[in-house]
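**Q** here's my sequence, what's the structure:
(one chain, ligands or ions: 1)
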Amino acid sequence: MLRAHSVEVVRSAEAPLIAAAEASGDPDAVMRRAAAGLAHHTAALVRERTGGVYGRSVLLLVGSGDNGGDALYAGALLRGRGCRVDAVLLSPDRAHPRGLAALRRAGGQVQAVDELGSQVPGPDVAIDGVVGLGGSGPLRAPADRIVSALAAAGVPWVAVDLPSGVDADTGTVHDAHVPATLTVTFGLLRRAHLLAAPACGRVEVVDIGLIDPADPAQARRMQMLEQVPEYLKTGPDTLFAPTRAEVGRQLPVPGPADDKYSQGVVAIRAGSARYPGAAVLSVSAAVAATSGMVRFVGSAADATSSSASAADTSGTGGQAPSRAPSAAADRVLAARPEVVCHPTVAEAGTAQAWVVGPGGGTDQNAIADIDAVLATGRPTLLDADALTVIATHPVLLRSATAPVLLTPHGGEFDRLTGGWDRADRAGELRRYVAGLRDRGIEATVLLKGRVTLIDNGETTYAVDAGSSWAATAGSGDVLSGITGALIAHAAAQRESAGAAERAYVQSISHTQNPYAGLDLAGVAAAAATLHGEAARLAAHRHDPHPAGPGAPIGASDLLAAVPVAVATLRGV
Ligand SMILES: NC(=O)C1=CN([C@@H]2O[C@H](COP(=O)(O)OP(=O)(O)OC[C@H]3O[C@@H](n4cnc5c(N)ncnc54)[C@H](O)[C@@H]3O)[C@@H](O)[C@H]2O)[C@H](O)CC1
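**A** Below you'll find the predicted structure:
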């Protein structure tokens, strides 16, 4: 599990290292360690881009603080590798003096920014040493002009610690920012590395003497410590992201004793005559994500005389249904005949989890069905139209006795919150979840985006999809089915857990609901990872090692890639 920390935690973690360096009479010891890693990764990028290092050119854009110091010391080392190095000082009087002296000694060229002509020297690679932990706001002039000119010329940027113009804690990406191909950071990931992943490019963490628990080798060092350093104790601002290997291990594989029920049955109430496609996408995604059975309930508003599906005697006891299945059921069965359809929520058979909302409408039938599903005491995912209903009838959530997961996109989050600051997604999400808690509602919320955020009031996950191809109509319906199936699997595991474990969880969660404390946030983070991987593979026509950015996809293509994505993640 990757952990990303706030500026405050990083600075407090670095402080003893820097103090020890100063006490030893070598105040730049830690900075030079950072710079060595920065030079190493920059040289690797130069080689990747040009086929070599010796004789290539690197430009340093140097700010007024220690971030610039890192860049200057790294420039001196790159001179030692035979690179031409040009440093452009944005604040000549405030550039890191010892770093500057080291670069000059190594033969680097130094220019003040106002000495530059209209033509900035065209390097093979440029290093952004403008600001790091101490930065705030967008890139300022003339740095923004230099960055834009070189980026437009195709010069790759290496960001020192963080891309300048990206806020370290909120991950806000200002209009004027460095579009990094590579970000080299030090010791611990910063929150922005997860929240602003697309702006950071590939992130490399250099070991400067801190312990990063995400690094297995360093985690072993941690176990040998008599006491865990303060910075390793996760605090309220720590962000998490599961690794691909961890997600792969979470994806269920049926065992010899499994059957269609034991892996978790998910029931989906979705679709309408107007939006039957949402039901097909959500149900089909649930079928693809696990081997558990999938049940479907359509909207009463469009019940037809269509023939009922193969009744599942475990659910209705063979009684004639009170209502014919909906028109959407016909479409669902045509697409996925293995799905078991039911005319109403009450007549649906046993399920370990519910999904309500995709294309399901917001009329009285929808409201009644949401209430009925929440009253089943099963973990429930509310998406799309169900969120619109919850926004106008939040009291419905009070009838939930089992864990609830809301999965809004930005516009639906507007409806739930009445308006939110998109520059601080993680902060706004945490405030919303905390507000529900203040009203006695325990909910986990997944806020969709290129970087999907999931928050349950204690833990926040940030999952970068790795591409933006999932930004297509119906993609959210697919995510709801994937997530619902994985929740059902987790709930089935809880059911099969020993009575002692169930009793323990109920005791610490002060409720009798057997699903209390189910880690919906962790399941949702895995589902978002799987969804993003399916979109990436679909855009690259299932080539696991593609070249180029890929090609446009529809939600059906994303859906078709779910099995390959499951296999890819399980194989990591
Ligand atoms: N000291 C060490 O051993 C290590 C340092 N590391 C690196 O240090 C930076 C943090 O350095 P700091 O001097 O605290 O802040 P910055 O260099 O990020 O910012 C300096 C300065 O920049 C001005 N500023 C703020 N916003 C902007 C802006 N938008 N545009 C231009 N200038 C801006 C403001 O005056 C700031 O004070 C850290 O990121 C590492 O790179 C390493 O951690 C290794 C150990």
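**Q** list the contacts of Gly486.
**A** Rather than Gly, residue 486 is Leu. Taking C-beta atoms under 8 Å, 6 or more residues apart in numbering, we find Leu486 in contact with Gln250, Leu251, Pro252, Ala289, Thr290, Val523, Ala526, Ala527, Leu530. (Each C-beta comes from the backbone N, C-alpha and C, glycine too.)
**Q** let's see 6 Å
**A** Residues near Leu486 by C-beta atoms under 6 Å, 6 or more residues apart in numbering: Val523, Ala527.
**Q** same question for Val451.
**A** Val451 sits in contact with Ala197, Ala462, Asp464, where contact means C-beta under 6 Å, 6+ apart.
**Q** can you turn the buried part of the residues you listed into a ChimeraX selection?
**A** Of the contacts of Val451, the buried ones go into a single ChimeraX selection, burial set by 16 or more other C-beta atoms under 10 Å:
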select :197,462,464
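**Q** out of the contacts of Val451, which is nearest to Val280?
**A** Nearest to Val280 among the contacts of Val451 is Asp464, at 28.1 Å by C-beta to C-beta.
**Q** got the phi and psi for that closest one?
**A** phi -80, psi 130 (degrees, to the nearest 10).
**Q** in terms of contact, does it touch Leu195 like I think?
**A** No: between Asp464 and Leu195 there is no contact under C-beta atoms under 6 Å: 9.0 Å.
**Q** give the buried residues for stretch 74-84.
**A** Those would be Ala74, Gly75, Ala76, Leu77, Leu78, Arg79, Arg81, Cys83, Arg84, for stretch 74-84 by 16+ other C-beta under 10 Å.
**Q** what mean pLDDT does it have?
**A** For stretch 74-84, mean pLDDT rounds to 98.
**Q** next: stretch 209-223.
**A** Stretch 209-223 comes out with an average pLDDT of 72.
**Q** chain neighbours aside, what residue packs nearest to Glu246?
**A** Met1 (6.4 Å; C-beta to C-beta, 6 or more residues apart in numbering).
**Q** pretty sure His540 contacts Pro549?
**A** No: when contacts are counted by C-beta under 6 Å, His540 is not listed as touching Pro549 (8.8 Å).
**Q** who has more neighbours, the two?
**A** When His540 is set against Pro549 and neighbours are counted by other C-beta atoms under 10 Å, the residue ahead is His540, at 20 against 10.
**Q** tell me which residues touch that one, please.
**A** Pro546, Gly550.
**Q** ok, residues contacting stretch 102-121?
**A** So stretch 102-121 is contacted by 72-73, 75-76, 79, 85-90, 92, 142, 146, 149 (C-beta under 6 Å, 6+ apart).
**Q** now it - C-alpha only, CSV.
**A** Extracted as CSV, the C-alpha positions of stretch 102-121 are listed here (Å, rounded to 0.1, in the frame of the first residue of the first chain):
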residue,chain,number,x,y,z
ALA,A,102,29.3,23.2,-6.9
LEU,A,103,27.8,23.6,-10.3
ARG,A,104,30.3,26.3,-11.3
ARG,A,105,33.2,24.2,-10.0
ALA,A,106,32.0,21.4,-12.2
GLY,A,107,31.9,23.6,-15.3
GLY,A,108,28.2,24.3,-15.5
GLN,A,109,27.0,27.5,-17.3
VAL,A,110,25.0,29.9,-15.2
GLN,A,111,22.7,32.6,-16.5
ALA,A,112,20.3,35.0,-14.7
VAL,A,113,16.9,34.8,-16.3
ASP,A,114,17.0,38.4,-17.5
GLU,A,115,20.2,37.6,-19.4
LEU,A,116,18.3,35.0,-21.5
GLY,A,117,17.5,36.0,-25.0
SER,A,118,14.2,35.2,-26.6
GLN,A,119,15.6,31.8,-27.4
VAL,A,120,16.1,29.6,-24.3
PRO,A,121,18.8,27.0,-25.0
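**Q** begin at 421 from now on, thanks
**A** Right, with 421 as the first residue, what we last looked at is stretch 522-541.
**Q** what about that stretch, distance to the chain center?
**A** Remark: stretch 522-541 is offset 39 Å from the chain centroid, using C-alpha atoms, centre = their mean, to the nearest Å.
**Q** mind listing what's buried along it?
**A** Ala522, Leu523, Ala526, Gly528, Gln529, Val530, Gln531, Val533, Val540.
**Q** same deal with stretch 787-795?
**A** Ile787, Asp789, Ile790, Asp791, Ala792, Val793, Leu794, Ala795.
**Q** same question, stretch 451-466
**A** Buried positions in stretch 451-466, judged by neighbour count with 16+ other C-beta under 10 Å: 451-463, 465-466.
**Q** run through who's touching that stretch.
**A** Taking C-beta under 6 Å, 6+ apart as the rule, stretch 451-466 contacts 473, 476, 489-490, 493-494, 497-498, 501, 544-545, 578, 602, 604, 606, 624, 626, 628.
**Q** just these: which are in strands?
**A** Val545, Val578, Leu602, Val604, Phe606, Glu624, Val626 (DSSP state E).
**Q** which of those residues count as buried?
**A** Val545, Val578, Leu602, Val604, Phe606, Glu624, Val626.
**Q** give me the subset of those residues touching the ligand.
**A** Phe606 (C-beta under 6 Å from any ligand atom).
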